[in-house]
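Visitor: Fold the following.
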Amino acid sequence: MIAAMTWTAPEVTRPSGDTAADERTLLPSLLTWHRSTFLHKLAGLTGEQLATASVPPSNMTLLGLVRHLAKVERFWFRLRYAAQDIEPLYDPALGKDHDFEVLDAAKAEEAYDILLEEIRLAGEAAAEGSLDDTFDLGGNPFSLRMLYLHMIGEYARHNGHADLIRERVDGHTGA
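Guide: Residues are numbered from 1 along each chain as shown. The predicted structure follows:
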């Protein structure tokens with residue numbers, strides 16, 4: 001009998017970035033750093049560990065965060081900013097928190113790959129944009145500059161969540 005292989009999140013090298021760059025360089029660079037920091041916090045964990053809710057009573061998991069951040073990347077950069085004619089990542093009829101609530105450890109690698117693809121496509125969507133470009137958000141203009149700031153905050157907040165969850169899963173702490 002052959003044992004099933006268990007997928008493990010890969011190691012990630014975080015970019016150092018330029019801390020004195022112009023704003024158009026600095027904002028995407030800082031977002032890239034936060035994205036890679038999140039992926040770094042997953043490194044070495046199996047799908048089963050990523051799907052473990054470890055901070056009761058919360059059902060938040062690292063896999064749920066992976067799915068959530070993929071949804072957020074698609075929503076903000078591709079659906080809102082670039083106005084691409086694509087479907088949301090998850091059917092809104094399934095509920096606002098579907099990304100956190102419907103987890104399958106066996107699909108962790110797929111979810112991870114979807115996040116990487118959404119990050120890549122988000123970068124493409126914003127690559128040529130001006131920070132002053134705007135899109136409509138509920139009747140109000142929302143700039144690409146504000147989008148970067150929003151996403152930096154989104155990842156920073158979830159990186160904190162990931163720290164706590166990871167520490168409870170395997171004792172790993174740190175950057």
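
Visitor: Contact partners for the nearest residue to P10 once chain neighbours are set aside?
Guide: Among residues not flanking P10 along the chain, A43 sits closest, at 6.4 Å (CB to CB, 6 or more residues apart in numbering). From N, CA and C alone the C-beta is placed, and that goes for glycine too. Counting by CB atoms under 8 Å, 6 or more residues apart in numbering, A43 makes contact with A9, P10, E11, V12.

Visitor: ok, now how distant is A43 from L30?
Guide: Per CB to CB, to the nearest Å, A43 is found 21 Å from L30.

Visitor: of the contacts of A43, buried ones?
Guide: Buried residues within those, defined by neighbour count using 16 or more other CB atoms under 10 Å: A9.

Visitor: Report the secondary structure element holding A70.
Guide: helix 62-73 (DSSP states H and E).

Visitor: Residues contacting that helix, please?
Guide: Applying CB under 8 Å, 6+ apart, the contact partners of helix 62-73 are 38, 41-42, 45, 47, 49-52, 88-90, 99-101, 103, 105, 108, 111-112, 114-115, 118-119, 121-122, 151, 154-155, 158, 161-162, 165-166, 169.

Visitor: Now find how far off-centre it is within its chain.
Guide: How far helix 62-73 lies from its chain's middle: 5 Å, per CA atoms, centre = their mean, to the nearest Å.

Visitor: and that helix, what's its mean pLDDT?
Guide: Regarding helix 62-73, the rounded mean pLDDT is 97.
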